[in-house]
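**Q** I would like the atomic coordinates for the input below:
(one chain, ligands or ions: 1)
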Amino acid sequence: MKIPPVKGTRDFYPAEMAVRNYIIDGWKKVSIRNGFEEFDSPILEHLQMYTQKSGAEIVEQLFSFKDRGDRDLALIPEMTPSLARMVNQKINSLPKPIKWFSVPRLFRAERPQKGRLREFFQWNIDIIGTDSIAADAEIIFTTLDYLQYAGLSENDVVVKVSSRKLLAAFLKSLSIAENDLPGMYAMLDKKPKMPADTFAAVLNEKLSDKDRASKILAFMETDSLEKIKKSLGVNQKIDDAINELLEHHRLLNEMGVGRFYKFDPGIVRGLAYYTGIVFEVHAVGGELRAICGGGRYDNLLKDFGGPDIPAVGMGFGDCVLEILLREKGLLDKHIKKPELDYFVVSDKSFEENIFFDLVAKLRRNGFITDFSYKTDNLSKQLKTASEKNAKKCIIISKEYSDSKQIIVKDMATGEQQTIPIDKFMDGLINSK
Ligand code: HAM
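**A** Here you go, the predicted structure:
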């Protein structure tokens, strides 16, 4: 019986692995040039980590189990709780602000669909230990730095920005209680995933009040901060949240990426721990799910038993990105076909020790080198060499040269050179 792969997971054959490596190498390169340091966590955490603060949606999607010691564990569905746990553990010895990145393999038991799987890779960048709005802007700047590095422009992607502070102040102005806010966020975050009528009906039912429901709908559809300011009237908390958003936008303009910015109060984010400015990057005009998302989460470290330390960050999966890069023709040209520096060809006329000695020396000197296990047919071996994209072939055969010489063939020009083995070896060592 053939056993299929597990639903929502992917097999990475070498061709898919090359794409994954291209994406992850870019994330790492951009993180480093923006001043982030890499960290990693275990793939297992205590289940309680997510039931405590991540919110109902993530909890419903957990792959969890009991270990032999009857402990409830989960495969990690996101990195932020692990980051908070790790930082709390060493809080006094870590210089702040902390700027860390990671690329974990995550697991969520979602319904597999375009851009959403059950196992995926997620780039995380986080800044912990500062409440400066410049850190909020820098997270978006770094995200956009990657998207531009990958070849995308403001014609392809848009950063939709909103604020949990603004939403909280607005919902409270409608007499929605503080305790009910997490449930409201989780529901409002589902708006783009439902037809408009269904969402309106769900909202009406939750609030059992048509007036408040229609005010919330109108708020979520307002397209500028000025309009929000006008429609909501005087309220200190709302004013503060708006001023923070304006300052954030100003900083992004100064950083030269303001053209990607769009204020969108429909962005709520599904996770429960966000406390300030939140954002998602979407493909322009597309039907795809969010490319990435993040925001400020000032209470998570404290909620996990640590000190009161502010934090901001974002998570960026590989699935939607790959679809988008492919759609825009930005992937294939970056995926290099595997290449060999040398393919060593030989027949039975030569002593094996010379052949393997040469292969070993080439490899030890850093040249990507391969050979065929079948040495009976020279022309077949040369064919394999060109299939494997070898730049040069070395032919060792008494039929074509004496026992102290080899032939070096340039596979692009077909040019051949007969060289004494010793001279070739000396040249090899000197070339490094
Ligand atoms: P999130 O919105 O749950 O946030 O996920 C962020 C991104 O991860 C999504 O926009 C998407 O690119 C990717 N993603 C999520 N679920 C899946 C899935 N099932 N399949 C493929 N890709 C997926 C978080 O995870 C936060 N912890 C991000 C964060 C870091 N906030 C602050 N720091």
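**Q** would you mind splitting the protein into its domains for me?
**A** The record's domain parsing of the chain by automatic domain parsing lists 14-41+76-333, 340-431.
**Q** please work out the average pLDDT along the longest one.
**A** Taken as a whole, domain 14-41+76-333 has a mean pLDDT of 94.
**Q** does that domain reach the ligand?
**A** Yes. Using CB under 6 Å from any ligand atom, domain 14-41+76-333 comes into contact with the ligand via 78-80, 108, 110, 116-117, 120, 122, 124, 126, 271, 290-294, 297, 313-317, 319-320. Where C-beta positions appear, they are placed from N, C-alpha and C, glycine not excepted.
**Q** how long is that domain end to end?
**A** This stretch, domain 14-41+76-333, spans 16 Å end to end (CA to CA, to the nearest Å).
**Q** that domain: how far from the chain's middle?
**A** 13 Å (CA atoms, centre = their mean, to the nearest Å).
**Q** taking the centroid of the chain, which residue is nearest it?
**A** Central residue of the chain (CA atoms, centre = their mean): Trp123, 3.1 Å from the mean position.
**Q** can you give me phi and psi for it?
**A** phi -80, psi 130 (degrees, to the nearest 10).
**Q** please work out how many residues are found near the closest residue to Pro5 other than its chain neighbours.
**A** Distances taken as CB to CB, 6 or more residues apart in numbering put Asp11 closest to Pro5, at 5.6 Å, once the chain neighbours are dropped. Neighbour count for Asp11, taken as other CB atoms under 10 Å: 7.
**Q** Lys99 versus Asp11, what's the distance?
**A** Separation of Asp11 from Lys99 (CB to CB, to the nearest Å): 34 Å.
**Q** filter the residues of domain 14-41+76-333 next to the ligand down to the buried ones, ChimeraX style.
**A** In ChimeraX, this line selects whichever of these come out buried by 16 or more other CB atoms under 10 Å:
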select :78,79,80,108,117,120,122,124,126,271,290,291,292,293,294,297,313,314,315,316,317,319,320
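**Q** which of the residues of domain 14-41+76-333 next to the ligand fall in helices?
**A** In this view, the residues of domain 14-41+76-333 next to the ligand that belong to helices under DSSP state H are Thr80, Cys319, Val320.
**Q** and the second one, what is it in contact with?
**A** Going back to what we said before, that points to Cys319. Cys319 makes contacts with Gly115, Arg116, Leu117, Phe120, as judged by CB atoms under 8 Å, 6 or more residues apart in numbering.
**Q** in strands only, show me these.
**A** Phe120 (DSSP state E).
**Q** can you add distance to Ser214 and give the contacts of Cys319 back as a markdown table?
**A** Output for the contacts of Cys319, formatted as a markdown table (distance: CB to CB, whole Å):
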| residue | distance to Ser214 |
| --- | --- |
| Gly115 | 32 |
| Arg116 | 31 |
| Leu117 | 37 |
| Phe120 | 37 |
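**Q** surely Val408 meets Lys423?
**A** No. With contacts defined as CB atoms under 8 Å, Val408 does not count as touching Lys423, sitting 10.8 Å away.
**Q** compare these two and say which is more crowded by neighbours.
**A** Neighbour count, other CB under 10 Å: between Val408 and Lys423, Val408 has more, with 16 against 12.
**Q** and that one, how far from Asp303?
**A** For Val408, the distance to Asp303 - CB to CB - is 65 Å.
**Q** residue ranges for the helices of the stretch 301-432 of the chain, please.
**A** For the stretch 301-432 of the chain, applying DSSP state H, counting those that start in this stretch gives helices covering 318-327, 352-364, 378-387, 421-430.
**Q** the stretch 51-200 of the chain now?
**A** For the stretch 51-200 of the chain, applying DSSP H, counting those that start in this stretch gives helices covering 56-60, 80-89, 133-149, 164-173, 181-188, 196-207.
**Q** residues contacting the nearest residue in space to Gln61 that is not next to it in sequence?
**A** Among residues not flanking Gln61 along the chain, Arg108 sits closest, at 4.2 Å (CB to CB, 6+ apart). By CB under 8 Å, 6+ apart, Arg108 lies in contact with Ile58, Gln61, Leu62, Phe63, Pro77, Arg118, Phe120.
**Q** tell me which two in those are the farthest apart.
**A** Greatest spacing in those, by CB to CB: Leu62 and Phe120 (14.7 Å).
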